[in-house]
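[1] sequence plus predicted model, see below.
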Amino acid sequence: MQQEFVFSGFGGQGVMFVGQLLANAAMDAGLHVTWIPSYGPEMRGGTAHCFVAISDKPIGSPIVKHPKVVVVMNNPSFTKYEPQVASGGLLIVNRSLVSGRSSRTDIQMIDVPATEIAEQLGSTKVANLVLLGALLEADAVLPRSAVEAALEAHLPARRRDLLDLNRQALEQGAKFGLEAELSLA
């Protein structure tokens, strides 16, 4: 089994954090992992994305050309990565910020109002965790409990006050993912 992911959005939306969290959860579960971050010319407000590969065998190359799962948090990310989703793959879109629509019929898509859900929880900063929760429900690469354990184990000390909020965001995203119907893009 090898699963490849791309998380993409503006700097400051937690794209790197959510990719690293998934990678840490997979490592803690004894799987092989690669995580490759990439930043645009500006850190906060510029484009940012990361590639994550998870496998039960050593990973031959960290390059991800056609990921099975893509999570996009803004319009530029949608434009760039929607065409790259592997046929039969999954595109998860933060519908709160992405106005683009896919015309592809060979992939599935979940529109998640992640920013609105995060705002209802008290902070738009956890929209990334809402999207991750939806991903975990739609594509069971890891159980949510493994990601919650990684959150507990790897959340930096300066962010420990956000632990409960992050857990709530994962839970609400998973709940949305469970209730959402996968649609052909």
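    Arrived safely, thanks for sending.

[2] tell me how many other residues surround the residue lying closest to residue 121 once chain neighbours are set aside.
    In space, not counting the residues next to it along the chain, residue 121 is nearest to residue 168; the distance is 5.4 Å by Cβ to Cβ, 6 or more residues apart in numbering. Quick note: C-beta positions are derived from backbone N, CA and C, even for glycine. By the measure other Cβ atoms under 10 Å, the count of residues near residue 168 is 19.

[3] what about residue 168, distance to residue 69?
    For residue 168, the distance to residue 69 equals 23 Å [Cβ to Cβ, to the nearest Å].

[4] and for residue 60?
    Counting by Cβ to Cβ - residue 60 and residue 69 are separated by 19 Å.

[5] what about those two, which has more around it?
    Between residue 60 and residue 69, residue 69 has the larger neighbour count (other Cβ under 10 Å), namely 22 against 10.

[6] which of the residues in whichever strand or helix holds residue 81 are buried?
    In this assignment (DSSP states H and E), residue 81 forms part of helix 75-81. Neighbour counts using 16 or more other Cβ atoms under 10 Å place 76-78, 81 of helix 75-81 among the buried residues.

[7] and for stretch 113-132?
    113-115, 117-118, 121, 124-132.

[8] those residues in strands, which ones?
    Judged by DSSP state E, the buried residues of stretch 113-132 include no members of strands.

[9] for residue 144, state which of the residues you listed is nearest.
    residue 132 (9.0 Å; Cβ to Cβ).

[10] once you drop chain neighbours, what's closest to the closest one?
    The nearest residue in space to residue 132 (Cβ to Cβ, 6+ apart) is residue 18, at 5.0 Å.

[11] poorly predicted segments of the protein, please.
    40-46, 181-185 (pLDDT under 70).

[12] which ones are touching the residue lying closest to residue 146 once chain neighbours are set aside?
    In this structure, residue 146 finds its nearest non-sequential neighbour in residue 25, 4.7 Å apart by Cβ to Cβ, 6+ apart. With contact taken as Cβ atoms under 8 Å, 6 or more residues apart in numbering, residue 25 is in contact with 142, 146-147, 149-150.

[13] follow-up on the earlier one: what does the helix holding residue 81 contact?
    6, 8-9, 47, 49, 67, 70, 72, 91, 93, 97-100.
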